[in-house]
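J.: predicted structure and sequence below. I'll ask about it afterward.
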Amino acid sequence: QKEVEQNSGPLSVPEGAIASLNCTYSDRVSQSFFWYRQYSGKSPELIMSIYSNGDKEDGRFTAQLNKASQYVSLLIRDSQPSDSATYLCAVNIVGPGTASKLTFGTGTRLQVTL
Amino acid sequence: DGGITQSPKYLFRKEGQNVTLSCEQNLNHDAMYWYRQDPGQGLRLIYYSQIVNDFQKGDIAEGYSVSREKKESFPLTVTSAQKNPTAFYLCASSKAGGNQPQHFGDGTRLSIL
């Protein structure tokens, strides 16, 4: 079983709509969760961090965490063509020492259509 | 500006050759990481370092080596033992602490000649 799972997509949404991206994880002791955006040919860029159950909003982005069900999601409101990218979910798997050892999903490709 | 600098942007390796990828950060981060990304796959951890002069193997360390002689620098050597080195290599860093997010450099694309 994969540790962090995402639907590879592509997820296609019209401009102005809400895009909903989902991620499930297998390790119950995971404590921190991150969403990264990766444009084609570029490196990942951190867009959201979430640590406790519930919703966290930042501009057009909302991260939702449900530790009991072991899923984390990202909502993008008023989707724009510039949001078209691959979105990577990353989960902190508890490891030795103090390094933040993240496990990444394979990403969901989002296409925002005009 | 604070950030993570990877060089070169593109690198070509001949058969039997070792190549070294550079990663420098001026964010004063304690931890540094190397990942490999192949098309259609997620990021896979090669090596990570929590402190100077110490580093640990990640999930796919075979055929790679690293050093951490300075806090700012974490170079990765792709040795000739790595038979399939063509990939996008990403360096990241983070503050100390298990829940810190990682920030990435712009990456190095390595190809075989």
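T.: Nice, thanks for sending it over. Keep in mind that what you see is a predicted model, and the values were worked out from it rather than measured.
J.: is it true that B:Asn18 touches B:Gln82?
T.: No - B:Asn18 is beyond contact range of B:Gln82, at 9.3 Å (criterion: CB atoms under 8 Å). For every residue, glycine as well, the C-beta is placed using N, CA and C.
J.: where along chain A do the helices fall?
T.: In order along the chain, chain A carries no helices (DSSP state H).
J.: please pull out the lowest mean pLDDT helix or strand from it.
T.: Of the helices and strands making up chain A, the lowest-confidence element is strand A:102-104, at a mean of 90, by mean pLDDT, DSSP states H and E.
J.: what are the contacting residues of that strand?
T.: The contact list for strand A:102-104 (CB atoms under 8 Å, 6 or more residues apart in numbering or on different chains) reads A:3-4, A:25, A:27, A:34, A:36, A:88-93, B:42-43, B:45, B:102.
J.: among these, the buried ones, what's the ChimeraX command?
T.: Listed next is the ChimeraX selection for buried residues among those, using 16 or more other CB atoms under 10 Å in any protein chain shown:
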select /A:4,25,34,36,88,89,90,91,92,93 /B:42,43,45,102
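J.: B:Asn18 and B:Gln82: which has the busier surroundings?
T.: Of the pair B:Asn18 and B:Gln82, B:Gln82 is the one with more neighbours under other CB atoms under 10 Å in any protein chain shown, namely 21 against 12.
J.: so who does the more buried one touch?
T.: Residues near B:Gln82 by CB under 8 Å, 6+ apart: B:Glu62, B:Gly63, B:Tyr64.
J.: what about the nearest residue to A:Asp55 once chain neighbours are set aside, how many neighbours?
T.: Spatial nearest neighbour of A:Asp55, chain neighbours left out: A:Gln64 (5.2 Å); criterion: CB to CB, 6 or more residues apart in numbering or on different chains. When neighbours are defined as other CB under 10 Å, A:Gln64 has 18 of them.
J.: for chain B, see how far away A:Gln64 is.
T.: Distance, A:Gln64 to chain B, using CB to the nearest CB, to the nearest Å: 18 Å.
J.: who's that residue bridged to?
T.: When bridges are called by DSSP bridges, A:Gln64 pairs up with A:Asp55, A:Ser73.
J.: isn't it up against A:Glu57?
T.: No - the criterion here is CB under 8 Å, and A:Gln64 misses it with A:Glu57 at 9.8 Å.
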